[in-house]
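> The following block contains a protein sequence and its predicted model.
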Amino acid sequence: MSLDLIKEVRQITGAGISDVKEALDEAAGDREKAIEILRKRGQKIAAKKSDREIKEGVIALARAENKLAVVGLGCETDFVAKNDDFKQAVQELAEKLLTMGKDGFADWATKFIQDELIVKIGENLNLIFMDLFEGKVIGTYLHSNNKVASVVILSEGKEEIAKEVAMHASAMAPKYLTPEEVPSAELEKEKEIYVEQLKKEGKPEDMLEKILAGKVQKYYTEVCLLKQPYVKDDKKSIEKFVAENGAKIEAFKYFSL
(Lines give C-alpha, C1' and ligand atoms only; values in the text may rest on other atoms or scores of the structure.)
Protein backbone atom coordinates (compact mmCIF):
# COMPACT_ATOMS: atom_id res chain seq x y z
CA MET A 1 0.00 0.00 0.00
CA SER A 2 1.66 3.22 -1.18
CA LEU A 3 1.91 6.38 0.88
CA ASP A 4 0.64 8.35 -2.13
CA LEU A 5 -2.57 6.28 -2.18
CA ILE A 6 -3.13 6.85 1.54
CA LYS A 7 -2.59 10.60 1.09
CA GLU A 8 -4.93 10.71 -1.90
CA VAL A 9 -7.79 8.91 -0.12
CA ARG A 10 -7.27 11.01 2.97
CA GLN A 11 -7.40 14.22 0.91
CA ILE A 12 -10.63 13.15 -0.80
CA THR A 13 -12.44 11.99 2.34
CA GLY A 14 -10.86 14.09 5.07
CA ALA A 15 -10.62 10.94 7.23
CA GLY A 16 -7.74 10.24 9.61
CA ILE A 17 -4.68 8.25 8.51
CA SER A 18 -5.54 5.18 10.62
CA ASP A 19 -9.11 5.15 9.24
CA VAL A 20 -7.80 5.45 5.68
CA LYS A 21 -5.34 2.59 6.19
CA GLU A 22 -8.06 0.40 7.71
CA ALA A 23 -10.43 1.15 4.81
CA LEU A 24 -7.74 0.44 2.21
CA ASP A 25 -6.91 -2.85 3.93
CA GLU A 26 -10.59 -3.79 3.90
CA ALA A 27 -10.83 -2.77 0.24
CA ALA A 28 -7.64 -4.70 -0.67
CA GLY A 29 -6.04 -1.48 -1.88
CA ASP A 30 -8.97 -0.47 -4.11
CA ARG A 31 -9.13 3.34 -3.99
CA GLU A 32 -12.81 3.75 -4.92
CA LYS A 33 -13.97 0.96 -2.64
CA ALA A 34 -11.99 2.44 0.27
CA ILE A 35 -13.63 5.82 -0.32
CA GLU A 36 -17.06 4.14 -0.37
CA ILE A 37 -16.25 2.33 2.90
CA LEU A 38 -15.25 5.59 4.57
CA ARG A 39 -18.40 7.34 3.38
CA LYS A 40 -20.57 4.54 4.69
CA ARG A 41 -18.74 4.81 7.98
CA GLY A 42 -19.57 8.49 7.90
CA GLN A 43 -23.26 7.60 8.01
CA LYS A 44 -22.60 5.26 10.94
CA ILE A 45 -20.58 7.96 12.68
CA ALA A 46 -23.44 10.42 12.08
CA ALA A 47 -25.89 7.98 13.68
CA LYS A 48 -23.64 7.50 16.71
CA LYS A 49 -23.02 11.21 17.16
CA SER A 50 -26.58 12.38 16.45
CA ASP A 51 -27.54 12.46 20.13
CA ARG A 52 -24.58 14.68 21.02
CA GLU A 53 -25.60 18.25 21.70
CA ILE A 54 -25.09 20.99 19.12
CA LYS A 55 -23.85 24.03 21.05
CA GLU A 56 -21.77 25.96 18.52
CA GLY A 57 -21.77 26.72 14.82
CA VAL A 58 -20.95 29.04 11.97
CA ILE A 59 -22.99 31.18 9.58
CA ALA A 60 -21.78 31.76 6.02
CA LEU A 61 -23.06 34.08 3.28
CA ALA A 62 -22.62 33.70 -0.47
CA ARG A 63 -23.64 36.35 -2.96
CA ALA A 64 -23.97 36.84 -6.71
CA GLU A 65 -25.48 40.06 -8.05
CA ASN A 66 -29.00 40.36 -6.63
CA LYS A 67 -29.07 36.95 -4.93
CA LEU A 68 -27.83 35.97 -1.49
CA ALA A 69 -27.56 32.58 0.23
CA VAL A 70 -27.31 32.09 4.01
CA VAL A 71 -26.36 28.81 5.69
CA GLY A 72 -25.98 28.06 9.40
CA LEU A 73 -24.20 24.82 10.31
CA GLY A 74 -24.11 23.64 13.90
CA CYS A 75 -21.30 21.73 15.61
CA GLU A 76 -20.52 20.56 19.13
CA THR A 77 -17.54 22.66 20.17
CA ASP A 78 -16.11 26.14 19.84
CA PHE A 79 -12.83 24.51 18.78
CA VAL A 80 -14.43 23.19 15.60
CA ALA A 81 -16.43 26.40 15.02
CA LYS A 82 -13.14 28.32 14.91
CA ASN A 83 -11.46 25.78 12.62
CA ASP A 84 -10.70 27.14 9.15
CA ASP A 85 -11.62 23.87 7.43
CA PHE A 86 -15.04 23.91 9.10
CA LYS A 87 -15.66 27.56 8.20
CA GLN A 88 -14.64 26.82 4.61
CA ALA A 89 -17.04 23.87 4.50
CA VAL A 90 -19.93 26.11 5.61
CA GLN A 91 -18.93 28.69 3.01
CA GLU A 92 -19.00 26.00 0.32
CA LEU A 93 -22.48 24.96 1.46
CA ALA A 94 -23.67 28.58 1.09
CA GLU A 95 -22.17 28.77 -2.39
CA LYS A 96 -23.85 25.48 -3.33
CA LEU A 97 -27.21 26.84 -2.14
CA LEU A 98 -26.67 29.96 -4.25
CA THR A 99 -26.17 27.94 -7.43
CA MET A 100 -28.53 25.04 -6.67
CA GLY A 101 -31.48 26.93 -5.19
CA LYS A 102 -33.61 25.85 -2.24
CA ASP A 103 -35.39 22.95 -3.95
CA GLY A 104 -33.70 19.76 -2.81
CA PHE A 105 -30.86 21.57 -1.07
CA ALA A 106 -31.73 20.46 2.46
CA ASP A 107 -31.77 16.78 1.44
CA TRP A 108 -28.53 17.13 -0.52
CA ALA A 109 -26.82 19.02 2.31
CA THR A 110 -27.93 16.52 4.97
CA LYS A 111 -26.47 13.64 2.96
CA PHE A 112 -23.26 15.56 2.25
CA ILE A 113 -22.88 16.41 5.95
CA GLN A 114 -23.43 12.78 7.00
CA ASP A 115 -21.34 11.16 4.28
CA GLU A 116 -18.40 13.54 4.18
CA LEU A 117 -18.24 16.36 6.71
CA ILE A 118 -18.84 14.32 9.88
CA VAL A 119 -16.08 11.91 8.83
CA LYS A 120 -13.74 14.82 8.22
CA ILE A 121 -14.66 17.00 11.23
CA GLY A 122 -15.34 14.25 13.79
CA GLU A 123 -18.28 15.91 15.55
CA ASN A 124 -22.05 15.86 15.35
CA LEU A 125 -23.01 18.44 12.70
CA ASN A 126 -26.43 19.70 11.73
CA LEU A 127 -27.85 22.06 9.13
CA ILE A 128 -29.54 24.60 11.44
CA PHE A 129 -30.97 26.89 8.77
CA MET A 130 -30.62 27.87 5.14
CA ASP A 131 -32.25 30.67 3.18
CA LEU A 132 -32.06 32.30 -0.22
CA PHE A 133 -32.85 35.95 -0.91
CA GLU A 134 -33.35 38.00 -4.04
CA GLY A 135 -33.84 41.74 -4.19
CA LYS A 136 -33.05 45.05 -5.83
CA VAL A 137 -30.76 46.23 -3.02
CA ILE A 138 -29.36 43.76 -0.47
CA GLY A 139 -27.35 44.67 2.62
CA THR A 140 -25.75 42.14 4.94
CA TYR A 141 -23.88 42.03 8.21
CA LEU A 142 -22.04 39.03 9.62
CA HIS A 143 -20.66 39.42 13.13
CA SER A 144 -16.98 38.62 13.64
CA ASN A 145 -17.94 35.55 15.70
CA ASN A 146 -19.77 34.12 12.63
CA LYS A 147 -22.75 33.30 14.86
CA VAL A 148 -25.00 36.31 14.18
CA ALA A 149 -26.03 37.75 10.83
CA SER A 150 -28.75 39.90 9.28
CA VAL A 151 -30.02 40.50 5.78
CA VAL A 152 -31.90 43.63 4.74
CA ILE A 153 -33.60 44.10 1.36
CA LEU A 154 -34.51 47.57 0.14
CA SER A 155 -37.01 48.37 -2.60
CA GLU A 156 -35.52 51.88 -2.68
CA GLY A 157 -32.20 53.27 -1.48
CA LYS A 158 -28.49 52.55 -1.45
CA GLU A 159 -26.66 49.43 -0.36
CA GLU A 160 -24.71 51.24 2.36
CA ILE A 161 -28.02 52.09 4.07
CA ALA A 162 -29.11 48.45 3.83
CA LYS A 163 -25.79 47.44 5.39
CA GLU A 164 -26.25 49.96 8.23
CA VAL A 165 -29.70 48.58 8.99
CA ALA A 166 -28.36 45.00 8.82
CA MET A 167 -25.66 45.91 11.35
CA HIS A 168 -28.32 47.44 13.60
CA ALA A 169 -30.55 44.35 13.27
CA SER A 170 -27.63 42.07 14.21
CA ALA A 171 -27.15 44.09 17.39
CA MET A 172 -30.82 44.49 18.35
CA ALA A 173 -32.36 41.20 17.10
CA PRO A 174 -35.79 42.45 15.95
CA LYS A 175 -38.47 39.83 15.34
CA TYR A 176 -40.74 41.77 12.98
CA LEU A 177 -40.52 44.60 10.47
CA THR A 178 -43.68 46.51 11.47
CA PRO A 179 -46.21 46.43 14.34
CA GLU A 180 -48.77 44.99 11.91
CA GLU A 181 -46.65 41.84 11.64
CA VAL A 182 -46.80 41.08 15.36
CA PRO A 183 -49.19 38.09 15.79
CA SER A 184 -52.36 39.03 17.64
CA ALA A 185 -51.93 36.12 20.07
CA GLU A 186 -48.46 37.37 21.03
CA LEU A 187 -49.72 40.92 21.49
CA GLU A 188 -52.67 39.80 23.62
CA LYS A 189 -50.33 37.78 25.83
CA GLU A 190 -48.14 40.85 26.36
CA LYS A 191 -51.20 42.94 27.23
CA GLU A 192 -52.30 40.36 29.81
CA ILE A 193 -48.87 40.54 31.45
CA TYR A 194 -48.91 44.35 31.45
CA VAL A 195 -52.43 44.50 32.97
CA GLU A 196 -51.38 42.15 35.79
CA GLN A 197 -48.28 44.26 36.44
CA LEU A 198 -50.31 47.48 36.50
CA LYS A 199 -52.89 46.02 38.89
CA LYS A 200 -50.17 44.86 41.26
CA GLU A 201 -48.72 48.36 41.14
CA GLY A 202 -52.15 49.67 42.20
CA LYS A 203 -52.78 51.77 39.10
CA PRO A 204 -56.35 53.11 38.91
CA GLU A 205 -58.74 51.26 36.56
CA ASP A 206 -59.56 54.39 34.54
CA MET A 207 -55.86 54.85 33.74
CA LEU A 208 -55.14 51.29 32.66
CA GLU A 209 -56.05 51.68 28.98
CA LYS A 210 -53.89 54.77 28.54
CA ILE A 211 -50.90 53.22 30.32
CA LEU A 212 -51.42 49.94 28.44
CA ALA A 213 -51.34 51.75 25.09
CA GLY A 214 -48.02 53.30 26.05
CA LYS A 215 -46.57 49.92 27.06
CA VAL A 216 -47.68 48.38 23.76
CA GLN A 217 -45.90 51.14 21.85
CA LYS A 218 -42.81 50.48 23.96
CA TYR A 219 -43.08 46.78 23.08
CA TYR A 220 -43.10 47.66 19.38
CA THR A 221 -39.82 49.56 19.84
CA GLU A 222 -38.30 46.34 21.19
CA VAL A 223 -39.49 43.80 18.61
CA CYS A 224 -40.22 45.77 15.41
CA LEU A 225 -37.24 46.82 13.30
CA LEU A 226 -38.79 50.04 11.97
CA LYS A 227 -39.78 51.20 15.47
CA GLN A 228 -36.46 50.40 17.17
CA PRO A 229 -34.19 53.32 18.13
CA TYR A 230 -31.28 53.36 15.69
CA VAL A 231 -28.31 51.83 17.48
CA LYS A 232 -25.95 54.61 16.33
CA ASP A 233 -28.40 57.43 17.19
CA ASP A 234 -31.11 56.46 19.65
CA LYS A 235 -32.88 59.80 19.16
CA LYS A 236 -34.25 58.53 15.86
CA SER A 237 -35.97 55.29 14.86
CA ILE A 238 -34.86 53.03 12.06
CA GLU A 239 -38.01 54.15 10.25
CA LYS A 240 -36.81 57.76 10.39
CA PHE A 241 -33.21 56.82 9.55
CA VAL A 242 -34.17 55.03 6.31
CA ALA A 243 -36.65 57.77 5.33
CA GLU A 244 -33.98 60.46 5.78
CA ASN A 245 -31.75 58.49 3.43
CA GLY A 246 -34.36 57.92 0.73
CA ALA A 247 -34.63 54.21 1.47
CA LYS A 248 -37.51 51.80 1.95
CA ILE A 249 -37.17 48.40 3.65
CA GLU A 250 -38.91 45.59 1.79
CA ALA A 251 -37.85 42.74 4.06
CA PHE A 252 -35.24 41.64 6.60
CA LYS A 253 -34.16 38.55 8.46
CA TYR A 254 -32.09 38.05 11.59
CA PHE A 255 -30.06 34.85 12.07
CA SER A 256 -28.43 33.56 15.23
CA LEU A 257 -26.69 30.37 16.36
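Perfect, I can see it now. Numbers count the residues shown, from 1 in each chain.
> Could you count how many residues lie near Thr99?
Taking other Cβ atoms under 10 Å as the neighbour definition, Thr99 ends up with a count of 11. All C-beta atoms are positioned from the backbone trio N, CA, C, and that covers glycine.
> low pLDDT regions in the protein?
The chain contains residues with pLDDT under 70 at 1, 12-14, 42-52, 54.
> Show me it divided up by domain.
Per automatic domain parsing, the structural domains of the chain span 3-49, 51-134.
> Indicate which one of these is closest to Pro204.
Go through those one by one with Cβ to Cβ and the one that ends up closest to Pro204 is domain 51-134, at 47.1 Å.
> So what's the gap between that closest one and the chain middle?
Taking Cα atoms, centre = their mean, to the nearest Å, one finds the center of domain 51-134 at 9 Å from the center of the full chain.
> on that earlier part again, of all the domains of the chain, which lies closest to Ile153?
Evaluated with Cβ to Cβ, these place domain 51-134 nearest to Ile153, the distance being 6.3 Å.
> wait, Tyr254 sits on Ala173?
Yes: at 5.5 Å, Tyr254 and Ala173 qualify as touching, with contact defined as Cβ atoms under 8 Å.
> on that earlier part again, can I get the domains of the chain in JSON lines with distance to Glu222?
Conversion of these to JSON lines gives the following (distance: least, Cβ to Cβ, whole Å):
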{"stretch": "domain 3-49", "distance to Glu222": "38"}
{"stretch": "domain 51-134", "distance to Glu222": "23"}
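> List just the one of those domains that sits closest to Leu198.
Each of the domains of the chain was scored for nearness to Leu198 using Cβ to Cβ, and the closest is domain 51-134 (38.1 Å).
> need the contact list for Gly122.
Listed by Cβ atoms under 8 Å, 6 or more residues apart in numbering, the contact set of Gly122 is empty.
> Phe241 versus that one, what's the distance?
Gly122 sits 46 Å away from Phe241, taking Cβ to Cβ, to the nearest Å as the criterion.
> likewise Ala251?
Ala251 sits 17 Å away from Phe241 when distances are taken as Cβ to Cβ.
> Looking at the two, which has the bigger crowd around it?
Of the pair Ala251 and Phe241, Phe241 is the one with more neighbours under other Cβ under 10 Å, namely 21 against 13.
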